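> just a sequence and a predicted model for now, questions to come.
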Amino acid sequence: MVSWYSALLVAHSYLRWGVLGMSVVCVARAAHGWARRRPFERADERVVRVLLSIVDTQLLLGLLLYAGLSPITGAALHDVRGAMSNSVLRFFSLEHQVAMVAAIAVLHVGLLRAKRLGADPKRHRSVLVSTAAALVLFVVGVPWPGLPYARPLLRWLA
């Protein structure tokens, strides 16, 4: 029988690729639109909305894992001082969350500010800057293979 923790962890793991992929698509479209000085179109708006939907879903899954389902964060929160001296516990109880919340805040605030520009071609630059900054923070916050707190690139239900 699959536990809620395992199912959410697998979903969270796979959805990361959607976040990273849509961030790259959004950055590419914004860079192209800014370079060509074209108006912000409905297709651009759809890409932004899909990115925000995926990011917000990923945030919800992460909060569910952090709020009580993850034994890693549970152990870290039980002994905070000890967790700060352990790179794995520190990463999953603090560093990962800080990087991801910062990325999501940068993305939401930047895209909200960009929305005020309407269809102005300058909106592409605003979307480009905020999405690229968020993408850097997303990449920093992922537990990539080769790091002390590495996780697999693809997870499977056990």
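It's in.

> quick check, central residue of this structure?
Phe138 (4.9 Å; Cα atoms, centre = their mean).

> mind checking the SS state of that one?
Three-state call for Phe138 (DSSP: H, G, I helix; E, B strand; the rest coil): helix.

> ok, the spatially closest residue to it that is not a sequence neighbour - how many residues close by?
Of all residues not flanking Phe138 in the chain, Ala103 sits nearest, at 5.0 Å (Cβ to Cβ, 6 or more residues apart in numbering). (Each C-beta comes from the backbone N, C-alpha and C, glycine too.) A count of nearby residues for Ala103, using other Cβ atoms under 10 Å, gives 24.

> what helix or strand is Ala103 on?
According to DSSP states H and E, Ala103 maps onto helix 96-115.

> starting at the chain centroid, how far to that helix?
Using Cα atoms, centre = their mean, to the nearest Å, the mean C-alpha position of helix 96-115 is found 9 Å from that of the whole chain.
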